[in-house]
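Chemist: everything below, folded, please.
(chains A and B)
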Amino acid sequence: MTESTPRPVLLQPDEITPAVKSLKGVLAALDRVLLGQPELHRMVLAGILSRGHILLEGMPGVGKTALIRALGQLMSLQFSRVQFTPDLMPGDIVGSPILEEDTHGKRQMVFKPGPVFTNILLADEINRASPKTQSAMLEAMAERHVTVMGETRSLPDPFFVLASQNPIELEGTYPLPEAQVDRFLFKLNVGRPSSDTMHRMIDGRRRGEAPVPEACISAQGLRELFDVMDRVALPPAVAGYIARLVACTHADEPGAPSMVKQFVSYGASPRAAIGIAEAARAVALLDGRPTAGFEDVKTVAGPVLNHRMILNYQARFEKITAERVVDELLETVDAVNTAIPKDIEVGA
Amino acid sequence: MIPKTQHLDLSLPQASPQAPAVRALRASVFRMAWLRGTVRGAGVYVLGWGVATLALRAWTDTPDDGTPGTWIWGSLGLLGVVILAGWRARRHMPDVAAAAAMLDQQHALGGLMMSAPAEGFAAWSGNVAAVQPLAVKWRGGPALLALLGAMGFLAGAVLAPMPAPAPHAASLHVKRQLETLREQVAVLEEEEVIDANKADDLRDTAQRVADDAKADDPVRAWEALDHLARQLEDEGAQAQEAAQQQSIEAAAAATLAQALAASLNDPASELSEAQLEAAVDALAQLSAAAMNGELPAMLDAATAEALAAGLDANALAALQDMMQGREAELADLMANLEAAGLNAGQAQGQVGAGEDIALDPDALKTFLEGQSDSECDGATLAAACKAGDQAGRGGINRGPGHMEMTWKDPASQEGASFDPLVLPPSALRDPAQSHRLGVSQTAPQVEHDNTASAGGGLNGVESAGGSAATTTVLPRHRGAVQRYFERRNSSDNVSGDATQAP
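Modeler: Next up, the predicted model:
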């Protein structure tokens, strides 16, 4: 007996329009706070809609912390900021039990939640903490709960980790282990603004202080956005494209491009495929579409894959970056898997 | 609760607004794949057709291939190629979902094209209403060129004139050479140079070579005939050589008999017993050799003794006649061989008859009488009789010839003379004019103040000082140096002895 698949129902325009309006408002507010980074804001919002954690990498002073702080303010979410240092201990993040005396003079151990018990956790310069402290974030990021003294406590919903790391000043840092890097949905590079942007920044702002954004979306509104995004359809052909794309990040895959076979030691995990699918649907929602398409996959493939592929030493020697490998992947892997011969071209 | 991902059934309804574009795309891909398969398959087929036609024409010796049956069957095969290409093109045709995905991708529709069957699509249909069919192109230039080349090859294979079949190889005309070989074999058999069996074998071989001689491979036949001719010439040369030798020996025997007869008739001549025995012995050897090992009856052992005791002039005359007859037989044999062309390696008339090189009887008589009894024996006398005073025949095993050296076209000294040039006197005294004052018992003293040469033939020789050369004599040179001085010493002794002799 086969289970009958219910006929899918596409989101209707009147369902999408309010969601898109809210999201556009958030984006506009972010663009006002952090000038000249619209694509970055769009990807950050896509990551939030995908309920994924985001790792921001960029030079000091480009606005990583300001962006995350503004995001928390815009969404009326609880926000915590932890400056990671080498002497930071796991208890400083997840919390620890302390001895308290009540009004009756009775003493008892009371759990004091750490900054991880929040909706948005800004982990600033996460690569400066010791591996022991970094590993304390693993459970929180993957399972959204923490275990202290044998007792598991759930984190607030939603829960995001928006981490930043500095690509320079590598002395005294601890590179994130692959297991933890894999838990970040996106790794976004925050580039420096253009001269025009900096001109606007110093011309229109006193001491460069960004305007304080007003809350656009409440926690309840964000949950409704999540509900809308869950109804964004993912066509099978797009899902197949994602699967082939991720599979081709492995050098032993028959259809892997030559650059992957030459420079990639370990490819992306299935979590990357899940992340691409979710992020593609988020991007489709941001565009006001009820379905995710191939171009959405190509939009998010770079931020999802570039920190999940481990390149070999030859790539380091030849200065091959993961971004170049992803570009090669997107050019090589056919979006639609057909039996049409290669010498027959189908184009608009 | 985590919602499940929505799956879309992409079996596009025929009435959907996107169906025409999808159908058009599928049809375009099918047509292009069909064309591709047809061109590629036809290229291979036509090439095979041309090869088969060419092979068939060459195999069956058909000068032209204008039969319509070939074209009909070939065209039917081409039709099969077209049908097969159409069948294969269906496999390349994308299904409805893939075609919709391709349209979606090319027009950047964000998945809407693939979601047409989903419920609620009507609200979004306006976004995909204006979708245009995709253009389908085939990069078939190389395949088309290959097809054109194959067609050209087929045309050439069908229309190119085939050369007429080569006639069967005719027999080679070797009759004249065969007759010559038969005649030579007959001469050799008649002169008993070869026996009958060998003659028959040679005739059979010659006949077989003549039978197998074909015009398409003349070299092989000529080589076989030349080999046979050389074989016969070798036989003839050997026979001629033997005949010439026997002729010399017969002439020597006749001359010796004549000399003996003259000695018997000469009262002043008295041959000693040893001389007579040696003469009879030499006569027996020469006669036996001339008669091919068969000693004449008058010179068997008993007769020889009697002959030695009292030589009979009649017997000697008979022997002389016999030898002369033998000499004539051998001359005829050599003449026959030469007439048959079996004188390989011998210039015609080069070898004279035996009598031309024999000693004069009187000289032989004088030589015989001059022999002392102790040095006289038959073998020496026989050799002397055969040698005569003619020139030797040369050869590396027979010593140098005694012919006089003759000079032809004497050279002129004009233009070859050199102007005399007086050279300045040598700064050094000629070592040949030096005098040995004595031989030291110890090694010469070396003056180290002088600089010695460091290389070449003067290695170790100092530039001044007048002392003896101190060149180091290597062990392998010591023998030569020793022999040199021994020779000088022995010559000195000889000359000294000669001067001391009275």
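Chemist: so residue A:146 belongs to a strand, correct?
Modeler: Yes: remark: residue A:146 belongs to a strand, assigned using DSSP: H, G, I helix; E, B strand; the rest coil.
Chemist: quick one: the helices in the stretch 51-200 of chain A, in order.
Modeler: Applying DSSP state H, counting those that start in this stretch to the stretch 51-200 of chain A gives helices spanning A:64-74, A:91-94, A:131-143, A:178-181, A:195-204.
Chemist: out of the ones you listed, the one nearest chain B is which?
Modeler: Nearest to chain B among these is helix A:131-143; the distance by Cβ to the nearest Cβ comes to 14.0 Å. (C-beta placed from N, C-alpha, C; glycine too.)
Chemist: redo the helices of the stretch 51-200 of chain A as TSV? Include mean neighbour count.
Modeler: As requested, the helices of the stretch 51-200 of chain A are exported to TSV (neighbours: other Cβ atoms under 10 Å in any protein chain shown):
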stretch	mean neighbour count
helix A:64-74	22
helix A:91-94	20
helix A:131-143	18
helix A:178-181	15
helix A:195-204	12
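Chemist: can you lay out those helices as CSV showing distance to residue A:303?
Modeler: Below are the helices of the stretch 51-200 of chain A laid out as CSV (distance: least, Cβ to Cβ, whole Å):
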stretch, distance to residue A:303
helix A:64-74, 15
helix A:91-94, 25
helix A:131-143, 17
helix A:178-181, 13
helix A:195-204, 21
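Chemist: nearest to residue B:327, out of those helices?
Modeler: When the helices of the stretch 51-200 of chain A are compared by Cβ to Cβ, helix A:178-181 sits nearest residue B:327, at 119.8 Å.
Chemist: do stretch A:325-337 and chain B come into contact?
Modeler: Yes: residues of stretch A:325-337 are located near chain B by Cβ under 8 Å from any Cβ of the partner chain, namely A:335-337.
Chemist: so which of those residues is surrounded by the most neighbours?
Modeler: Within the residues of stretch A:325-337 next to chain B, neighbour counts (other Cβ atoms under 10 Å in any protein chain shown) peak at residue A:336, which reaches 23 neighbours.
Chemist: just the pLDDT for residue A:227.
Modeler: pLDDT, residue A:227: 90.
Chemist: could you export whichever strand or helix holds it as PDB, CA atoms only?
Modeler: Using DSSP states H and E, residue A:227 maps to helix A:219-230. Taking C-alpha atoms only, helix A:219-230 is exported to PDB below (Å, rounded to 0.1, in the frame of the first residue of the first chain):
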ATOM      1  CA  ALA A 219       9.400  37.400  18.100                       C
ATOM      2  CA  GLN A 220       5.900  36.400  17.200                       C
ATOM      3  CA  GLY A 221       6.300  38.000  13.800                       C
ATOM      4  CA  LEU A 222       9.500  36.200  13.200                       C
ATOM      5  CA  ARG A 223       7.800  32.900  14.000                       C
ATOM      6  CA  GLU A 224       5.100  33.700  11.500                       C
ATOM      7  CA  LEU A 225       7.800  34.400   9.000                       C
ATOM      8  CA  PHE A 226       9.200  31.000   9.700                       C
ATOM      9  CA  ASP A 227       5.800  29.500   9.100                       C
ATOM     10  CA  VAL A 228       5.600  31.200   5.700                       C
ATOM     11  CA  MET A 229       9.100  30.100   4.800                       C
ATOM     12  CA  ASP A 230       8.300  26.500   5.600                       C
END
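Chemist: what's the burial count for residue B:130?
Modeler: Using other Cβ under 10 Å, residue B:130 has 9 neighbouring residues.
Chemist: residue A:152 against residue A:146, yeah?
Modeler: Yes: if you go by Cβ atoms under 8 Å, residue A:152 and residue A:146 touch, sitting 7.2 Å apart.
Chemist: how far away is residue A:235 from chain B?
Modeler: With distances taken as Cβ to the nearest Cβ, to the nearest Å, residue A:235 is found 4 Å from chain B.
Chemist: so where do the strands sit in chain B?
Modeler: For chain B, the strands defined by DSSP state E cover B:135-138.
Chemist: still on that earlier bit, as CSV, the helices of the stretch 51-200 of chain A with mean pLDDT would be great.
Modeler: Putting the helices of the stretch 51-200 of chain A into CSV (pLDDT from 0 to 100) gives the following:
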stretch, mean pLDDT
helix A:64-74, 84
helix A:91-94, 90
helix A:131-143, 84
helix A:178-181, 82
helix A:195-204, 84
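Chemist: so which of those helices gets nearest residue B:362?
Modeler: So among the helices of the stretch 51-200 of chain A, helix A:178-181 is nearest, using Cβ to Cβ, at 130.7 Å.
Chemist: pull the distance from that closest one to the chain's centre.
Modeler: Put simply, helix A:178-181 sits 13 Å off its chain's centre (Cα atoms, centre = their mean, to the nearest Å).
Chemist: flag every buried residue along the host helix or strand of residue A:41.
Modeler: Using DSSP H and E, residue A:41 sits within helix A:38-49. Under the neighbour-count criterion of 16 or more other Cβ atoms under 10 Å in any protein chain shown, helix A:38-49 has A:40-49 buried.
Chemist: chain neighbours aside, what residue packs nearest to residue B:180?
Modeler: In space, residue B:180 comes closest to residue B:341 once its chain neighbours are excluded; the distance is 7.3 Å by Cβ to Cβ, 6 or more residues apart in numbering or on different chains.
Chemist: let me see the backbone angles for the one you found.
Modeler: Per-residue torsions, residue B:341: phi 80, psi 20 (degrees, to the nearest 10).
Chemist: residue contacts, it?
Modeler: Taking Cβ atoms under 8 Å, 6 or more residues apart in numbering or on different chains, we find residue B:341 in contact with B:180, B:184, B:233.
Chemist: check what pLDDT the second one gets.
Modeler: In this case it means residue B:184. Residue B:184 is assigned 87 on the pLDDT scale.
Chemist: try the last one
Modeler: Model confidence at residue B:233, expressed as pLDDT, equals 86.
Chemist: out of residue A:152 and residue A:146, which sits in the busier spot?
Modeler: residue A:146 (22 against 10).
Chemist: how about the contacts made by the more buried one?
Modeler: Residues in contact with residue A:146 (Cβ under 8 Å, 6+ apart) are A:94-95, A:116, A:136, A:139-140, A:152-153, A:155.
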